[in-house]
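K.L.:
model this:
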Amino acid sequence: MSKNRRNRKPLESSLKPRKKNPLATAGIEWIDYKNVALLRTFISERGKIRSRRITGLTPQQQRLMAAAIKNAREMALLHPGNLR
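P.N.:
Next up is the predicted model:
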């Protein structure tokens, strides 16, 4: 067991740098369900909402993005299985 501890990498060196917030870099302040081009960037090829880990959004932005995508789907702006 002590051998395994010696061979481990330090935690800091194994972490990847954080992904930058795409909304902040683009200067987008408000997430609107009518902005279909923006919403499509946060949807996978199979039509699923991408996770925060993939998108780099903050928790609050991720909740707003999910709500906007769901509203756009209900208004038929986005097809539930919308392909890019």
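K.L.:
rest of the way, CA atoms for contacts and neighbours
P.N.:
Will do.
K.L.:
Tell me where this structure is predicted with low confidence.
P.N.:
The chain contains residues with pLDDT under 70 at 1-14, 81-84.
K.L.:
Recalculate using a threshold of 80.
P.N.:
Applying pLDDT under 80 to the chain flags the ranges 1-18, 80-84.
K.L.:
so what's the spatially most central residue of it closest to, chain neighbours aside?
P.N.:
Among the residues of the chain, the one closest to the centroid is residue 55, at 2.5 Å (Cα atoms, centre = their mean). Distance criterion Cα to Cα, 6 or more residues apart in numbering; nearest residue to residue 55, sequence neighbours excluded, is residue 42 at 6.8 Å.
K.L.:
burial measure for the one you found, as a count.
P.N.:
Taking other Cα atoms under 10 Å as the criterion, the count of residues near residue 42 is 21.
K.L.:
how about it, what does it touch?
P.N.:
Residues near residue 42 by Cα atoms under 8 Å, 6 or more residues apart in numbering: 49, 50, 55.
K.L.:
out of those residues, who's nearest residue 61?
P.N.:
Nearest to residue 61 out of the contacts of residue 42 is residue 55 (Cα to Cα; 10.3 Å).
K.L.:
distance of the closest one from residue 19?
P.N.:
Separation of residue 55 from residue 19 (Cα to Cα, to the nearest Å): 8 Å.
K.L.:
next one: residue 60
P.N.:
Distance of residue 60 to residue 19, given as Cα to Cα: 16 Å.
K.L.:
the more surrounded of these two?
P.N.:
A side-by-side neighbour count of residue 60 and residue 19, using other Cα under 10 Å, places residue 19 first with 11 against 8.
K.L.:
Look up phi and psi at the more buried one.
P.N.:
phi -70, psi 140 (degrees, to the nearest 10).
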